[in-house]
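Asker: Any chance you could fold what I've pasted below:
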Amino acid sequence: MAFGWGPYVPCRLVKQPQIIRLAQRRRWNEGSSAECGTHVRRGPLSAVLETWRSGDESASRTGPSNTTPAVAEPPQLDRVICKFGGSSLADADRLREVGKLVQLQKSLSRKAPVVVLSAMGPSTNELLAAGNSALREGIVDISSIRKRAYDACEELHLSRDQLVDPLLLHLDQLLLGIKFLKELSPRTQDYLVSFGERLSVRIFAAHLRENENVKAMYLDA
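Answerer: This is a model prediction of the structure:
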């Protein structure tokens, strides 16, 4: 699952040596290091890299050792932005796994993480198809989108009446407008696909509150 370690710095939730190798290999962020030929972020990750390089230099001066070198713990982050794609949110089981990752990241940071979610599974493609179907064929059908949302609510023991039904009703009305007005502008299409993300954040925030005992609230971007 992808996490954002500060702006524009993607990184998986992995152990420290792996974080260092990923940073060195992918050449992240601004600033350069002539010593190892990488681009190093001037922040917590940079401090970890400097610690790692210092350990390498000490080993080269003192020669091989039979003891395992101590690796300093990475500094605790203030707040982390966690971004999850659609395949990570495809159903209730995936949502539970994402909840565990958010819980873990919460324990590693000083502040609760900000979680950014895509639409569940193939919802975005289904919404685009529903818009085109309403425009060209006059057919309004969101059955697959409704079923996915309902299934997730049922398996996570969440009430769908107040959680997703109002949004699904609004989606139906939007598609009816597209059908009768014969209009699907880029602005309307953007608004149409936003229903996927808005459904996922509502369901996931409710899952955190009801099942994981995490204070969570959704915000529409």
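Asker: in this structure, what spans have low per-residue confidence?
Answerer: For the chain, applying pLDDT under 70 flags the ranges 1-75.
Asker: could you show me where the strands are in it, in order?
Answerer: With strands called from DSSP state E, the chain shows them at 2-4, 10-12, 32-33, 38-39, 81-84, 114-117.
Asker: what about the closest residue to Asn132 other than its chain neighbours, distance to Leu167?
Answerer: Distances taken as C-beta to C-beta, 6 or more residues apart in numbering place Leu184 nearest to Asn132, at 7.4 Å, with adjacent residues excluded. Any C-beta I mention is one placed from the backbone N, CA and C, and that applies to glycine too. The gap separating Leu184 from Leu167 is 19 Å, by C-beta to C-beta, to the nearest Å.
Asker: These two - which one has more neighbours?
Answerer: Neighbours were counted for Leu184 and for Leu167 using other C-beta atoms under 10 Å; Leu184 has more, 19 against 14.
Asker: so Val164 makes contact with Lys147?
Answerer: No. Contact between Val164 and Lys147 fails when scored by C-beta atoms under 8 Å: they sit 11.3 Å apart.
Asker: So for these two, which sits in the more crowded spot?
Answerer: Using other C-beta under 10 Å as the criterion, Val164 and Lys147 rank with Val164 on top: 24 against 10.
Asker: tell me the contacts of that one?
Answerer: 149-150, 153, 199, 202-203 (C-beta atoms under 8 Å, 6 or more residues apart in numbering).
Asker: Just the buried residues of those.
Answerer: Among these, those classed as buried by 16 or more other C-beta atoms under 10 Å are 149, 153, 199, 202-203.
Asker: Which of those residues fall in helices?
Answerer: Judged by DSSP state H, helices contain the following of the buried ones among the contacts of Val164: 149, 153, 199, 202-203.
Asker: Go through those and say which is closest to Ser107.
Answerer: Distance to Ser107 across these (C-beta to C-beta) is lowest for Ile203, with 23.1 Å.
Asker: okay, now the nearest residue to that closest one once chain neighbours are set aside: neighbour count?
Answerer: Leaving aside its sequence neighbours, Ile203 sits nearest to Ala152 (C-beta to C-beta, 6+ apart; 5.3 Å). By the criterion of other C-beta under 10 Å, Ala152 has 28 neighbours.
Asker: Asp165 now?
Answerer: The burial count for Asp165: 15, using other C-beta under 10 Å.
Asker: Likewise for Pro122?
Answerer: Pro122 sits with 16 neighbouring residues when counted by other C-beta under 10 Å.
Asker: What's the end-to-end length of stretch 134-150?
Answerer: 22 Å (C-alpha to C-alpha, to the nearest Å).
Asker: Without its sequence neighbours, what residue ends up closest to Arg198?
Answerer: Asp220 (5.6 Å).
Asker: ok, now which ones touch the one you found?
Answerer: Counting by C-beta under 8 Å, 6+ apart, Asp220 has contacts 194, 197-198, 201.
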